[in-house]
Each structure stands twice: as structure tokens, then as C-alpha cells.
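Enquirer: I'll drop the sequence and a predicted model, then ask my questions.
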Amino acid sequence: MLKFENTQTGAKISYNGKKIFSIKKGDYLCTLGKGRNDYTMWHGSFKIKEHIYFKNNFIVKNIETDDNKIFINSSDIQFIIEKENDSRLKFTPIVSEEYNRLWIKIPSAEDEYVYGCGETFTEFNLRGKKVNIWVAEHINAMQTAKKIVSRVFGVKNTTKKQKFSNYETYYAEPTFLSSEKYYFHSETTARSEFDFTDKKYHYIKTDSISPFYIGFGNNFSEVLMDMTDLLGRQPALPDWVFDGAILGIQGGTDIMIKKIDECIKADSKICGVWIQDWEGRRVTAVGKQLQWNWQWDKELYPDLDKKIAELNSMGIKVLGYINPFLAVEKPLYEEAHKNGYCVKDQNGNDYYVKITTFPAAMVDLTNPDAYDWLKNIIKTNMIDFGFSGWMADFGEYLPTDSVLFSGENPETIHNTWPARWAKLNREAVEESGKLGEIMFFTRAGFTETKRYSTMMWNGDNHVDYSIDFGLPSVIPASLSLTCCGFGLSHSDIGGYTTFLNLKRSDELFMRWCEMNAFTPLLRGHEGLNPDANAQFDYNNIVLKHHARMSRIHSALKTYLKKYSDENSKTGIGMIRPLFFHYESKRDFEETYEYLLGRDLLVAPVLTADTQTRKVYLPDDDWVHLWSENEYRGGTYEIKAPLGAPPVFIRKKSEYFELLSDIKNI
């Protein structure tokens, strides 16, 4: 329970009897300033240079308190602190229009851990880091090129991390979760910087003057529930998602049916097939990409409408692909151009954005007519056509020098673009009466994405074991999303980014597949260059391995459905950090293990050519899934042959019998 009290010198706020904040006359209040940013975008990656014109520190001059609000006054600024409920505070700064920068500091504990700020792929605990909250491509061409050159010279250091200051992310959010059982969230949509390098304070800078929130709880479940009460949650996933694997297939109707039949003969459990090239294929210098014209390619996929109906009768859903771009040489772009539906450049022309090797136009989501036009394309060309889901890709590329239909400043709209894109997809599903039946998954995100999207995926990971961009990186990525209140995520089996000597091995595919069997969704991707990658049908060994993992994922349905439902009601994610339920120092530091729900601990194999993994177990009683050996909390060297990743069941689980039976599949 939050309580406001007057003191002899000012005011204090306590939560359940513990002081969390106090302030008096003469204390530092905040810093205000004015500045501007210069942005340079290249293939979705940004260079940002900031110019600060002036900064002024403000000291408390007067404090007034009642039961639910504290008014803190200084020259040029007033802060209003109000109780939104028994555990959440809202801070509202009221300032003159000359300011557009706000700096605040939050007291921190020396041994405090910090998580979130969107999706972070290499670091999970952000203490000691400075985080730039700006939506961008996570992996740029230069990073990939450096890796390829290194591999030419035989350098394959998978544990080397780039400087954290070089990292960008598809999903950025001005929200963090503290080990002290509170969360912070800013309403800003502009760029912000979160500095966790100081031992005594967290320093927050926002490029707008915006309200912010701090919410508390007695445990992490309460903290996440309050955070997602405020920011939104995802609906429960459709039942069919848990009925096996979603096959990633490209190349046309005949190839799709042939590969499905091959999997059925191998005794696979198949719940879906994802054909991202349903609208056509574009072959470029970097690989096999897509024709961004959101209409059925009848030459590549003849009789697809009939095949969708046949597959549905077999319990196999068909999924497609879409993004908010348009191929400039295709009919849909001609229609959009004619009607003025595209984002403009400074000269009033359609703004062409270069993605890899080709330009594309962006539908202007601030234009109501353009928004409805694209939404109706989804409803007609995808939902009515029979798709049960799709990848809703991109959302990171809005240029800051563009001109929007609404007249809004693209610099403050940029971060919100992926959330607007998710909202458009969600409305298409809801208006078609298909929420609960259709699942779409997004890559990019900002605050409101969690309110609209039905699932995240971890983007275009490298097809390797690198800690920066490969298999290991998707674990902290999913955990950090959970800490921001987005509790449903998964990754492409085997990764995506393939180029020259960066190719997917059969071992990597199998290790990634066995990890993803113990996540909310088991979905494949052929990758950027399918012919260079091992696929689920690479050989008989891989095919049987994939089939078994599909059966394992299907056998988890009752368990997975419970935690999908729980996430929709409480915001407590399916993939959880250990510290959600155990609170030793080691639990707060673990980055490459996770809990799936409450009762399964998963420690994927993260390196090539190995048959063991060192596993940390929290203080509880655990049973190794495959051997049935019992363990108490501690660190152990666990055998991990292909097909038996280190997975442990909490002995006290109400699902112990169901989970134990998985080893016999």
C-alpha cells in the first residue's frame, strides 16, 4: 500500500511501511533543457548526433501534499506525483514550451539489477550499461560483413561481444524492471537514454517532457501484473499453435505439398505451414527475398486457395507474410501512389527506402484512408483467402526526415511506428471476428506493441552460435521482452541471416529446434539463402529429429496453454527469468537459461560439437527430464546429446506426470 506523508521538511512516500521516496526544500528536482538530434539512417540502422543548446538544474522551492497527490514546485516547473492505485505512482512534469529535454535520477541500490528497455540480445542485466531507446534494425550489413571477413581467415569466436554502445534493437521501450521489485515506464515516444552506470542513481533522459510511472510489488508477479495493467497484454494464443510444428517452406504449391507429405511420413506433428513467398519471390544479390505486393502469386502457388482448405481439413493451418512496404514496380504500389497513400520526402515525392538491394515505398499509417486501405488488403487478401496467421514484419524504418500525412513530427512518431503497424494487424483480425483463431507475429516494437501484437519473434538472427546474433542471443532477447510485459516470443529455428560463408549447419538446426520445442511456438524459417542452409529435411537424421521435437512440443500443449492463458490474464510471461521464482544472486545473473512457465527449466546447448553443458539449478528439487536423475540446487555438468537438451522438471509441479512422459516420445 502506497502512503503519502508530510514531514517537518517536506514529504515522503512509503510502500508497505518502507520508505521509497522523500523530498524536501532545497533538494535537486530535475534538469530541463533544449536540444535537437541529427539522424542518419542506412538500411534501418541509425547514427544519432545530439546538440544540446542549454540545460538548467531545478531545486525544490515548495511542497504541498494531500492523501493522493504531492505538488512539487520550482521555477519554470511543477511536478505532480499522484497515486494511480495502491502500488503505482504517476509523475507529471508541467513546464514551459521552451524545453524539450528532461533529465531525472532515481536512487539505486549498489547491488541492484536492471532488465528490459525493450529487447536486448546480448546483455540481460543492464546494470553498468547505457541504453539508447530508439527502434532500429538489430543487425546491420556492416556487422555481418565483418563476421564474414573474419570467417574467411578462420576466426569463429562465438563468445566475443561488440561494444554495447554499438547495439541497436528492433524493439526498444522506455521501461525497465528492477531487482528491487519495481518498474519504471516513461510515456515518451521520442528517443530516450537510460544510464545504469552509476552506483547510486539511475539517470533517465527523455527527448520530450513526458509523464512517467513507477510501480511496486511484493514479488515479481505483482510487479508484472501492475505493469501490464497499465501497458496492456497479449491475448491467449490459439489452441492450434500448440499442436506441433509450423513448417517454414518456400518455392510454390508442389514443393509445399511434397515437404508436408515428407514430414507426415516421418511421423511429425504439424500444426501449420508458413509460406512467406505467397505473394512472389524476388532473387537479389543477398538471397531469395520477397515481392512486396500483397496479392496471391497464382503462378508460384497455383490452386493455393483449394490447398488451404484441404490442409485445414487435415488440421494444418497455412500462414503468410506481410509488411508495411510496397514494391515500387508492382500494382499495389501504383494504386497507393495514385491515391497519395505513401510516406513523402521533403519534396513531396514518395519516400523510397532502401532495404537490402532494392527500394520500397512505405504506406503512411498516419493517413486514415491509407491505413484502412492496407487493413482491408489484410482482411481480403489474407484472412478471407484462408490464412490462419502471418509474419507482420518490419516497422523500424520510418525516416526522421520524412513528411507524414498527419503533419506530426516523424522524430517523435518513429518509435511508435511498429506499434501502429501491430494495431493495424490486430484490427484486421478483430474486425474479421477471428481473434483467438488467427495468430500474427511481429519483429519490431515499442510500448503499445504489447497491447496489439499477438506474438513476437526475435528477428533475423545469424545462422550460428555467436553470442551477439546467433542461437544464444535469443534467450536474453525473450527474457528482456518478458521483463517489459511482452510474454509471448519465439525465434526462427536455425536463424535467418545467411550470406557467403555464413551458413546453417545440420547440427545448428537440430540444436535450435530442440530449444524451440521448449518455447511457446515451434516455427521454422528457410533463411535468407535457403539453398545454403540445412533444413528440416536436410537428411533422414535431421528429419527424424525435427519430427520428434514436433511431437514433444505437441505433448506440451496442456502445459503451454495454461501459461499462455496466464500471460493473457496477468502479464506474467511464458519464458521467465529464474529470478521470477528464485532470488539468490546467481538467479538474478543467469542469462542463458530460462523457465518455461513455472515448472520447466531449460538450458539449451549453446556451442558446436559438444555433448554436455554446465547447468545451474536454483534452490529447489529438480528431475532431469531424460535420465530421471534428481538434483538439488547447484551447478552440474549435464550430458546433452543431440535430441536431449538439458531440461529439468520441478519435482513439486502439479504437471510432473505429464511432463515426465515427454521423455518417451
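Expert: Yes, it's here.
Enquirer: alpha carbons only for contacts and neighbour counts from here, please
Expert: Will do.
Enquirer: contacting residues around Ile20?
Expert: The contact partners of Ile20, by Cα atoms under 8 Å, 6 or more residues apart in numbering, come to 12-14.
Enquirer: Surely it forms part of a strand?
Expert: Yes. Under DSSP: H, G, I helix; E, B strand; the rest coil, Ile20 sits within a strand.
Enquirer: Doesn't Thr380 lie inside a helix?
Expert: Yes. The assignment for Thr380 by three-state DSSP puts it in a helix.
Enquirer: quick one: it and Ala392, what's the gap?
Expert: For Thr380, the distance to Ala392 (Cα to Cα, to the nearest Å) stands at 16 Å.
Enquirer: higher neighbour count, those two?
Expert: Between Thr380 and Ala392, counted using other Cα atoms under 10 Å, the more crowded position is Ala392 (23 against 15).
Enquirer: Report the beta-bridge partner residues of the more buried one.
Expert: Taking DSSP bridges as the rule, Ala392 bridges to Ile322, Thr442.
Enquirer: I figured it hits Ile322, correct?
Expert: Yes. Between Ala392 and Ile322 there is a contact under Cα atoms under 8 Å: 5.3 Å.
Enquirer: The residue lying closest to Cys483 once chain neighbours are set aside: what's it in contact with?
Expert: Counting by Cα to Cα, 6 or more residues apart in numbering, Cys483 lies nearest to Gly116, which is 5.4 Å off, once chain neighbours are set aside. Applying Cα under 8 Å, 6+ apart, we find Gly116 in contact with 124, 126, 173, 175-177, 480-484.
Enquirer: Which stretches in the stretch 501-650 of the chain count as helices?
Expert: 506-516, 540-555, 557-570, 585-589 (DSSP state H, counting those that start in this stretch).
Enquirer: my bad, the stretch 1-150 of the chain
Expert: Here the stretch 1-150 of the chain has its helices, by DSSP H, counting those that start in this stretch, at 141-152.
Enquirer: Flag the shaky bits of it, pLDDT-wise.
Expert: Filtered on pLDDT under 70, the stretch 1-150 of the chain yields the residue ranges 141, 145, 148-149.
Enquirer: And the strands in it, which stretches?
Expert: Secondary structure of the stretch 1-150 of the chain by DSSP state E, counting those that start in this stretch: the strands cover 2-6, 10-15, 18-24, 28-42, 45-59, 62-65, 69-74, 77-83, 88-95, 101-107, 114-118, 130-133.
Enquirer: Could you dump these into TSV with distance to Val353 added?
Expert: Listed next are the strands of the stretch 1-150 of the chain as TSV, based on distance: least, Cα to Cα, whole Å:
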stretch	distance to Val353
strand 2-6	49
strand 10-15	49
strand 18-24	47
strand 28-42	9
strand 45-59	12
strand 62-65	51
strand 69-74	46
strand 77-83	41
strand 88-95	37
strand 101-107	29
strand 114-118	25
strand 130-133	22
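Enquirer: which of those is buried the deepest?
Expert: Highest mean neighbour count of the strands of the stretch 1-150 of the chain: strand 114-118, a mean of 28 (counted as mean count of other Cα atoms under 10 Å).
Enquirer: Partner strands of it, with direction?
Expert: Paired neighbours of strand 114-118 in the sheet (DSSP bridges): strand 172-178 (antiparallel).
Enquirer: ok, then the element right after the partner strand?
Expert: Sequence-wise, the next helix or strand downstream of strand 172-178 (DSSP states H and E) is strand 182-186.
Enquirer: mean confidence score for that next one?
Expert: Here strand 182-186 scores 98 as its mean pLDDT.
Enquirer: Each with direction, which strands does that strand pair with?
Expert: Strand pairing for strand 182-186, using DSSP bridges, gives strand 172-178 (antiparallel), strand 212-216 (antiparallel).
Enquirer: Between strand 88-95 and it, find me the angle.
Expert: Taking axes from the mean of the first three to the mean of the last three Cα atoms, to 10 degrees, one finds strand 182-186 and strand 88-95 inclined to each other by 30 degrees.
Enquirer: and the closest residue to Glu64 other than its chain neighbours, bridged to which residues?
Expert: Among residues not flanking Glu64 along the chain, Phe71 sits closest, at 5.0 Å (Cα to Cα, 6+ apart). Counting by DSSP bridges, Phe71 is bridged to Glu64, Ile80.
Enquirer: picking that back up, and among the helices of the stretch 501-650 of the chain, the most buried is which?
Expert: Counting by mean count of other Cα under 10 Å, helix 506-516 has the highest mean neighbour count of the helices of the stretch 501-650 of the chain, with a mean of 24.
Enquirer: Relative to the whole chain's centre, how far out is that one?
Expert: Taking Cα atoms, centre = their mean, to the nearest Å, the mean C-alpha location of helix 506-516 is offset from the chain mean by 21 Å.
Enquirer: Counting by contacts, list what that helix packs against.
Expert: The contact analysis (3 or more Cα pairs under 8 Å, 6 or more residues apart in numbering; DSSP states H and E) places helix 506-516 against helix 540-555.
Enquirer: Extract the C-alpha set from the helix it packs on and format it as PDB.
Expert: Output of helix 540-555 as PDB, limited to C-alpha atoms (Å, rounded to 0.1, in the frame of the first residue of the first chain):
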ATOM      1  CA  ASN A 540      17.000 -38.500 -42.600                       C
ATOM      2  CA  ILE A 541      18.700 -37.800 -39.300                       C
ATOM      3  CA  VAL A 542      17.600 -34.200 -39.200                       C
ATOM      4  CA  LEU A 543      14.100 -35.100 -40.500                       C
ATOM      5  CA  LYS A 544      13.600 -37.600 -37.600                       C
ATOM      6  CA  HIS A 545      15.000 -35.100 -35.100                       C
ATOM      7  CA  HIS A 546      12.600 -32.400 -36.200                       C
ATOM      8  CA  ALA A 547       9.700 -34.800 -36.200                       C
ATOM      9  CA  ARG A 548      10.400 -35.900 -32.600                       C
ATOM     10  CA  MET A 549      10.700 -32.300 -31.500                       C
ATOM     11  CA  SER A 550       7.400 -31.500 -33.100                       C
ATOM     12  CA  ARG A 551       5.800 -34.400 -31.100                       C
ATOM     13  CA  ILE A 552       7.400 -33.100 -27.900                       C
ATOM     14  CA  HIS A 553       6.000 -29.600 -28.500                       C
ATOM     15  CA  SER A 554       2.600 -31.100 -29.100                       C
ATOM     16  CA  ALA A 555       2.800 -33.100 -25.900                       C
END
